[in-house]
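Novice: Structure for the following, please:
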Amino acid sequence: MKLDFVITVDRTLMTNHHGREFLGFMTTSPAVGLPEFLWMWICAPKPKCDKFGRPVEAPYGLRKIEAALVGAGFKAAIIDPDYLDKYVDDCLAVLIGHHDFFAFCAPSNVWWAVTKREPVNRKYFMKLMESPAMRRLKKRGGKIVVGGPAAWQWLHVEDLWERWGVDCVIDGEAEKVIVDIAQKIIEGEPLPKYIYVSPRDSPSIDEIPTIVGASVNGLIEIMRGCPRGCKFCSVTLRPLRFIPLSKIEEEIKVNVGAGVRHILYHSEDVLLYGADGIKPREEPLMKLHKLAIKFVKEGKAESIGWSHVALSTVVYAEREGKLVSKITQLIYSETDQDWIGVQTGIETGSPRLSKIIMPGKSAPYPPEKWSEIVEEAFAIMAENRIVPAATIILNLPEETPEDCMKTLELIDRLRDYPSLIVPMYFVPMGVLKSKEELLKFRIKPEHVEVMWKCLEHSLKWAPKLTDLYLKDPALYPVKLGIKLFLKFIEWKKKGLERKVKEYIMRAAEGVFEHRPKS
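Specialist: Here you go, the predicted model:
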C-alpha cells in the first residue's frame with residue numbers, strides 16, 4: 001500500500017489502554033514501582049493492526065485529520081509507529097498529533113517534578129522522533145507536520161524543532177488547514193513554520209469531517225468549546241458547537257462496525273449538550289443517550305460512557321429536574337453496566353480563588369459557593385454510581401497558603417465519596433510566556449500538604465475502584481499489575497509518613513523546583 005501522508009503518534013497514545021480509558025493516565029508518569037516494560041503493557045499495549053499497520057482503533061484527533069485528508073482525495077492513513085519503516089521511503093510527509101509531546105502539561109509535570117524522572121509519554125515521543133524510520137524520512141527530504149492540543153510546546157523547544165527537521169506546526173483545530181498544507185506538500189511549495197488557527201478560522205459543523213476509522217474505546221465528540229470562560233483553560237477560546245445527532249450516529253456506526261463495543265461521549269461537559277447557555281436541557285440529553293441505547297439494544301454496543309462533566313452542571317441538572325438520575329437510570333436499566341466513570345475539575349476549594357480565576361465554573365451559582373457545589377455534586381454522583389477522577393490545580397495565579405488550606409478542608413469533606421483526586425500544576429494555556437515563566441515552578445510547603453491529602457484520598461478508594469473498573473476476567477493480569485503498583489505506593493507512603501514534615505521544610509527551601517529540560 002502506497003501512501004502520500006502517514007499519520008502516527010508514539011505508543012503512549014497509539015493504544016486502546018486495554019479498553020479502559022483511565023489507564024491512559026499512567027502514560028503521564030514515569031514507571032513507578034514496576035519495570036517500564038510492564039508499566040507500558042498495563043497502560044499502553046500495542047493495538048490490533050491489519051497487515052498494512054493500520055490500527056483498528058486510533059486516537060480520535062488523528063481520525064479527524066485522516067478523514068479530512070481522505071475526504072479531500074489524498075492517499076492518507078493512520079499507521080502504527082512500529083510499521084513506519086514500511087512507508088518512510090515513499091511517503092511525502094509524516095503527520096503527528098499529541099496531547100503532551102514533551103511532558104510540559106499537567107499531570108505529567110507534577111510526576112516529573114516529584115519523581116525527578118521523565119514521564120513515559122515524553123520518553124516514547126522522543127524515541128519516535130529519534131527512530132531510524134524518522135531519520136530516513138528526513139534524509140530523503142520527507143516532511144514532518146505536527147499538531148494537536150500540545151502544539152504550543154514546540155515554541156519552547158526550538159533546538160529539537162531544528163534537530164528533528166519539523167517543517168510545520170499547526171496550533172488549533174486543523175481539519176481545514178491540513179488540507180491546504182497537504183496540497184502545498186504535493187505541489188512542492190514551502191510550508192509555514194507555525195500556523196495558529198484562530199477561533200474565527202475554526203471549522204464549522206459542516207466542515208468537521210466524519211471519521212472513517214474507529215476511535216480509541218469508541219470516543220465520539222458531541223460538542224466543541226465550553227461557555228464557562230475559566231482563565232486557565234484554552235478550550236473556552238473555541239466557538240461553541242453542538243454536533244448534530246445524525247453525525248454522532250454516523251461515527252457510532254463506524255466504531256461498532258469495527259467491533260468497538262463501547263460508546264464514549266466526549267466534550268468538556270457532556271451534560272451541556274444542547275444546553276441553553278450553561279443550563280442543561282432534558283430533551284437533547286435524553287435523545288443523545290437514547291441514540292446510544294439503540295445500539296446497545298441491537299447488540300452492537302455494550303456500554304455507554306462520558307468523558308467529562310462540570311460539577312456545577314451536575315448540581316443544576318439534578319436540582320432542576322433530577323436529570324442526572326433520569327439519564328443514569330436509563331443507562332443502567334437498558335445495559336448491563338452499573339456505573340459510569342468520568343473526569344471532572346475541582347481545581348480549588350477556595351471561594352476567593354474561584355472568584356478570581358474561574359467565576360464561570362460555578363455558574364449559575366456564585367463562585368463564593370464553589371466548595372459547597374463541589375460537595376453536593378460529589379454526593380449526587382455517588383448516589384447515581386458515577387465515579388469521578390477529579391483534578392486539583394496548584395500554583396494558580398494569586399494563590400496563597402490560605403487558599404490551599406481551603407482546598408485541604410474540601411478534600412477532607414469528600415473523603416466518603418468514591419473518587420480519585422489528582423493534583424496538577426498550573427500551566428497558563430492560551431497565553432504563552434517565556435519558557436522559564438511557563439514551565440518552571442516551585443513546589444511550596446502548602447502544595448506538599450495538598451498532594452499528600454490527595455494521595456491519602458486516592459489510596460483509600462483505588463483498590464475498590466480497581467476491582468470495579470477491571471472486573472472483566474480477561475483483564476485479571478492488568479488488575480494484578482495495578483494491585484502490585486498500589487501495594488508499592490502504600491509501602492512507600494508508610495515510609496514517607498515520618499518524612500512529610502521534612503519534605504514541607506525542604507519545599508520551603510526551594511528544593512523541589514522544577515526546571516524541565518528541552
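Novice: what is the rounded mean pLDDT of stretch 365-383?
Specialist: When the per-residue pLDDT values of stretch 365-383 are averaged, the result is 97.
Novice: Dihedrals phi and psi, the residue most central in space within the chain?
Specialist: Nearest to the mean C-alpha position of the chain, by Cα atoms, centre = their mean, lies His99 at 7.0 Å. Its backbone dihedrals place His99 at phi -90, psi -30, with angles given as degrees, to the nearest 10.
Novice: Now do it against Leu410, distance only.
Specialist: From His99 over to Leu410 the distance is 28 Å, taken as Cβ to Cβ, to the nearest Å. C-beta here means a position set from N, CA and C on the backbone, and glycine is covered the same way.
Novice: likewise Leu291?
Specialist: Distance of Leu291 to Leu410, given as Cβ to Cβ: 36 Å.
Novice: for Val157, same thing?
Specialist: Spatial separation of Val157 from Leu410 under the definition Cβ to Cβ is 36 Å.
Novice: which one of these two has more residues nearby?
Specialist: Between Val157 and Leu410, counted using other Cβ atoms under 10 Å, Leu410 has the larger neighbour count: 22 against 19.
Novice: Neighbours of the closest residue to Tyr124 other than its chain neighbours, how many?
Specialist: What sits nearest to Tyr124 in space, not counting adjacent residues and going by Cβ to Cβ, 6 or more residues apart in numbering, is Asp10, at 4.2 Å. Summarising burial for Asp10: neighbours were counted as other Cβ under 10 Å, giving 24.
Novice: Asp10 falls within a helix, correct?
Specialist: No. Remark: Asp10 does not belong to a helix; assigned using DSSP: H, G, I helix; E, B strand; the rest coil, it is coil.
Novice: shouldn't it be in contact with Leu128?
Specialist: Yes. With contact defined as Cβ atoms under 8 Å, Asp10 counts as touching Leu128 (4.3 Å).
Novice: Past the longest helix seen in the chain, which element shows up next along the chain?
Specialist: In the chain, taking DSSP state H as the definition, the longest helix is helix 445-469. Towards the C-terminus, the helix or strand next in line after helix 445-469, according to DSSP states H and E, is helix 476-497.
Novice: now for that following helix, which elements pack on it?
Specialist: Contact here means 3 or more Cβ pairs under 8 Å, 6 or more residues apart in numbering; DSSP states H and E; on that basis helix 476-497 packs against helix 36-43, helix 445-469.
Novice: quick one: which of those helices has the weakest pLDDT on average?
Specialist: If you rank the helices and strands packed on helix 476-497 by mean pLDDT, helix 445-469 sits at the bottom with a mean of 92.
Novice: Domains of this structure: list them as residue ranges, please.
Specialist: Listed domain ranges for the chain are 5-201, 213-338, 340-518 (source: automatic domain parsing).
Novice: In JSON lines, list those along with distance to Glu207.
Specialist: As requested, the domains of the chain are exported to JSON lines (distance: least, Cβ to Cβ, whole Å):
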{"stretch": "domain 5-201", "distance to Glu207": "6"}
{"stretch": "domain 213-338", "distance to Glu207": "10"}
{"stretch": "domain 340-518", "distance to Glu207": "23"}
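Novice: neighbours of His18, just the number please.
Specialist: The burial metric for His18, expressed as a neighbour count using other Cβ under 10 Å, is 21.
Novice: about what we covered before: kindly state which of the helices and strands packed on helix 476-497 is positioned closest to Asp50.
Specialist: Ranking the helices and strands packed on helix 476-497 by distance to Asp50, with Cβ to Cβ as the measure, places helix 36-43 first at 21.8 Å.
Novice: mind checking how far that closest one is from the chain centre?
Specialist: In terms of Cα atoms, centre = their mean, to the nearest Å, the centre of helix 36-43 is found 19 Å from the chain centre.
Novice: ok, now stretch 293-308?
Specialist: A distance of 21 Å separates the C-alpha centroid of stretch 293-308 from that of its chain, computed with Cα atoms, centre = their mean.
Novice: just to revisit the earlier point, got a list of what the residue nearest to the centre of the chain touches?
Specialist: If you count contacts by Cβ atoms under 8 Å, 6 or more residues apart in numbering, His99 has them with Leu13, Cys105, Asn121, Gly148, Pro149, Ala150.
Novice: Next, please give the residue ranges for the helices of the stretch 201-350 of the chain.
Specialist: Remark: helices assigned in the stretch 201-350 of the chain by DSSP state H, counting those that start in this stretch are 245-257, 282-297, 311-321, 323-334.
Novice: For Met405, grab phi and psi.
Specialist: Note on Met405: its backbone torsions stand at phi -60, psi -40 [degrees, to the nearest 10].
Novice: In contact with the residue lying closest to it once chain neighbours are set aside, which residues?
Specialist: Nearest non-adjacent residue to Met405, counting by Cβ to Cβ, 6+ apart: Glu446, 7.2 Å away. Glu446 makes contacts with Pro401, Cys404, Met405, as judged by Cβ under 8 Å, 6+ apart.
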